[in-house]
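> With the sequence up front, the predicted model follows.
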Amino acid sequence: MTDNGKSARKAPARTKARRKPAGAEGPSTIRDVAAKAGVSVATVSRTLAGNYPVSTETRARVMAAVESLHYVVNVHAKALSGGVAGPVALVIQDITGPSLAHVAAGVEQEATSRGRLSLVCSTRGDAAREDDLIQLMREQHAAAVVLVGGVVPDDAYHRRMAEYAKALDAAGSRLVLVGRPPLPAGTPATVVEYDDRGGAFQATSHLLAAGHGRILFLGGEPGLSSAEQRREGHLAALRAHSVPYEEELDVPGSYTRTSGYRRVRDVLDAGLDFTAVLAGTDAIAVGALAALREADLRVPRDVSLVGFDDVPYATDLTPSLTTVRVPYEELGRTAVRLALDREERIGGDNHVVLSTQLVIRESVRPPR
């Protein structure tokens, strides 16, 4: 009986020993919470999970201990057990671009509306970094990984995307490609595109209808999926209006303001005649506008100008820019919606193409 009494007196000492001493380093653990609340670890876990009935008094003691110890739930452990919704990861090449920022806004809005955390990562165009980020998102149990940014859709690209899709699918996640071409049938991935070709067709047709027969086309880099589609739309419009293609008016380059400026300046220095410019992006259009002004050519008095994207500053230019509107935020929202609702959409379409729209403002006028 004496031994039993000693054992009973020692029990509280063992419980107290599990408590984290004041000033001790490291975060509090679930065992610290259990000791402070005077309950078992299992009771703390059930209380925090909310999936098992506990008394009001017990819940109050546990939550008081959590607050006192500043305990933070191990989200990774909860994700492993299915106790927390996985985040939505957005992987983009450049977080500073205005169009990609709007895709990110759409992803964040839709993820937040569904109680999901959204993560934004930048690859800076590094394929090895993209590989590392995909692996990291698998380890973080992301519900979906959204890849955004132009690509050259060669065999190596398709192999890499297929590997991503299968690896994420095996981890219960989903690969979503935004603004990128679709993958072969059977690949466990979702694709959300927009109509690049149709947008360029509208833009060129608008200039041709205004009477411009010589349109300087400042497209993107050859091989880039969006650049190729926009060029196809431009050429299709020329054919539809029986306007011959002139190679000297087709000047490719990067999707930047600097590139737009340099290309227009070079064309003017070469003495090439044109009455309108179709820019592959609004950024190119801004550079083109600067080069035209530098040459004392006014838009639209001397040269008409059309952009592509409809970024926010397009309305603030002088003159306001006629351009093709791409639904960037809707691309982000649609990507998240299709990825998270895929279980309810068995047999549904995993390839969606959103429409583009020509927005007519002040930068186009019939040639003099």
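Happy to help now that I have it. Numbering: from 1, shown residues only.
> Residue 269: neighbour count?
Neighbours of residue 269 under the rule other Cβ atoms under 10 Å: 9. (Each C-beta comes from the backbone N, C-alpha and C, glycine too.)
> shouldn't residue 91 be in contact with residue 132?
No: the criterion here is Cβ atoms under 8 Å, and residue 91 misses it with residue 132 at 10.4 Å.
> of the two, who's got more company?
Neighbours were counted for residue 91 and for residue 132 using other Cβ under 10 Å; residue 91 has more, 23 against 13.
> Now do the SS call for the more buried one.
strand (DSSP: H, G, I helix; E, B strand; the rest coil).
> dump the residue contacts of residue 352.
Listed by Cβ atoms under 8 Å, 6 or more residues apart in numbering, the contact set of residue 352 reads 191, 192, 193, 334, 338.
> Hmm, the third one is touching residue 199, no?
Right, the one you point to is residue 193. No: applying Cβ under 8 Å as the test, residue 193 and residue 199 come out as separate, 11.6 Å apart.
> picking up where we left off before, mind picking the two most distant members of the contacts of residue 352?
Farthest-apart pair in the contacts of residue 352 is 193 and 338; separation 12.1 Å (Cβ to Cβ).
> circling back to that earlier point, give me the subset of the contacts of residue 352 lying in helices.
Under the assignment DSSP state H, the contacts of residue 352 contribute 334, 338 to helices.
> Generate a ChimeraX selection restricted to the buried subset of the contacts of residue 352.
Per 16 or more other Cβ atoms under 10 Å, the buried members of those correspond to this ChimeraX selection:
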select :191,192,193,334,338
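> Relative to residue 274, which of the contacts of residue 352 is nearest.
Taking Cβ to Cβ as the measure, residue 274 lies nearest residue 193 of the contacts of residue 352, at 30.5 Å.
> Can you say which helix or strand has residue 277 in it?
strand 276-279 (DSSP states H and E).
> immediately after that strand, which helix or strand?
Following strand 276-279 toward the C-terminus (DSSP H and E): helix 282-294.
> Run the chain-centre distance for the following helix or strand past that next one.
Sequence-wise, the next helix or strand downstream of helix 282-294 (DSSP H and E) is strand 304-306. How far strand 304-306 lies from its chain's middle: 29 Å, per Cα atoms, centre = their mean, to the nearest Å.
> pLDDT (mean, whole number) over strand 304-306?
Average pLDDT, strand 304-306: 98.
> can you check stretch 168-183 too?
Per-residue pLDDT over stretch 168-183 has a mean of 92.
> can you check stretch 113-132 too?
Average pLDDT, stretch 113-132: 88.
> May I have the distance across that stretch, first residue to last?
End-to-end distance for stretch 113-132, by Cα to Cα, to the nearest Å: 28 Å.
> Run through who's touching that stretch.
With contacts defined as Cβ under 8 Å, 6+ apart, stretch 113-132 is touched by 85-95, 104, 107-108, 111-112, 133, 137, 140, 142-143, 147, 149, 160, 336, 340.
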